[in-house]
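Student: I would like to see how this sequence folds:
(2 chains)
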Protein chains: 2
Amino acid sequence: MTRRPERLRPWMPHAAQPVYDCRVFSITEHRRRSPRTGELHDFYVLDSPDWVNIIPLTADRQVVMILQYRHGIDEFTLEVPGGMVDEADASPLEAGRREMREETGYDSEDVVPLGVIHPNPAIQNNRCHSFLARDVRLAGPVAFDTTEETEVVLVPLDDVPELIRGGVISHALVVVAFHHLLLKGAG
Amino acid sequence: MTRRPERLRPWMPHAAQPVYDCRVFSITEHRRRSPRTGELHDFYVLDSPDWVNIIPLTADRQVVMILQYRHGIDEFTLEVPGGMVDEADASPLEAGRREMREETGYDSEDVVPLGVIHPNPAIQNNRCHSFLARDVRLAGPVAFDTTEETEVVLVPLDDVPELIRGGVISHALVVVAFHHLLLKGAG
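Tutor: Alright, predicted model coming up:
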């Protein structure tokens, strides 16, 4: 059903050059040749490390979330912990656990993968790995970054569908993590 | 529960300048002052028009999807129709319907909103509007863009959870649209 028909071919690489560095991501201009017309076209791609996010769930089914100022929309959002996979992280799972510890102070050794998606395959080359952390407990202080304004908030898991429906939880990658949780039937 | 505590304040605008134009989006550098430390920091934001996507559903519960080459990951993905809200579009809903017609040839007058999310509030300022089109029928030819390699594929709605779980449907914004469909209990 999703097998690619013969006539559909990928574009052919011709040239690629970095054009702008935005610290947490950079822009590369790719010149590629059309498999259909043979013409060359330029496409911009955001290069960035893989991302992670993680749903920290307490034994009494509360999700440990973060109210956080976000520079893209210049507003506060309600999210689960997440961030970039750093070079020092042993794996995406360890990156997720680190972000959870840093951003909420909660921790658990029971972390399981929920799924992997492409944040935006049209213009980004990276993936986002989602995880579930079960039976999390407060294990230490929040490690505030000087450029982050955040507040930890406990949200009953049963309230999450209504918060998504109402647009209170509005970050696409957070919604994806909860969708994977639902598909897993976990919680 | 999601009320913002007094101590959490947004960053204060100081300066903003466009730094790079990538056609379908551009980059603005925002200099903002921390509400906590008073220091100035720079943040990069992708400016782009709002996006839309739409789940076209036939009377016999088939989703009209598109197998499509994506430059960000240099691979083919399985998606629902979607794109940018153009200035000529009367509304996001009309943009969704237009994209559905152009990319699949299917159409319906019965289009309803599913939800609105932020693709990435950390680095993007736009929103993505999701819609459901019910009882779609083939109404015309696909309008091929010269830079698109696509193939229309009918996928039973009941197969979608397994395709998301297995990573065959991997575009975050497409997963979000199906999550909203699930929350709506529609289909």
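Student: count of residues packed around A:Ala59?
Tutor: A:Ala59: 10 surrounding residues under other CB atoms under 10 Å in any protein chain shown. Bear in mind the C-beta positions are built from the backbone N, C-alpha and C, glycine included.
Student: surely it meets A:Leu157?
Tutor: No. A:Ala59 is not in contact with A:Leu157 according to CB atoms under 8 Å; the separation is 11.6 Å.
Student: which one is A:Gln17 nearest to, not counting chain neighbours?
Tutor: A:Glu29 (5.6 Å; CB to CB, 6 or more residues apart in numbering or on different chains).
Student: distance between the strand or helix carrying the one you found and the chain's centre?
Tutor: Using DSSP states H and E, A:Glu29 sits within strand A:26-33. Put simply, strand A:26-33 sits 23 Å off its chain's centre (CA atoms, centre = their mean, to the nearest Å).
Student: elements contacting that strand?
Tutor: With contacts taken as 3 or more CB pairs under 8 Å, 6 or more residues apart in numbering or on different chains; DSSP states H and E, strand A:26-33 sits against strand A:12-21, strand A:40-47.
Student: re the thing from before, the residue nearest to A:Gln17 against A:Ala16, yeah?
Tutor: Yes. Look at A:Glu29 against A:Ala16 with CB under 8 Å: they come within range, at 7.0 Å.
Student: helices along chain A, start to end?
Tutor: When assigned using DSSP state H, the helices of chain A occupy the ranges A:92-104, A:160-165, A:172-184.
Student: which of these sits closest to chain B?
Tutor: Closest to chain B of these is helix A:172-184 (CB to the nearest CB; 4.2 Å).
Student: against which helices or strands is that closest one packed?
Tutor: Helix A:172-184 packs on strand A:51-56, strand A:111-117, strand A:128-133, helix A:160-165, helix B:160-165, helix B:172-184, going by 3+ CB pairs under 8 Å, 6+ apart.
Student: residues in contact with the third one?
Tutor: Which is strand A:128-133. Strand A:128-133 has contacts (CB atoms under 8 Å, 6 or more residues apart in numbering or on different chains) with A:50-57, A:82, A:85, A:92-93, A:95-97, A:100, A:106-108, A:110-119, A:173, A:176-177, A:180-181, A:184, A:186, B:172.
Student: from the chain's centroid, how far away is stretch A:162-172?
Tutor: So, by CA atoms, centre = their mean, the centroid of stretch A:162-172 is 16 Å from its chain's centroid.
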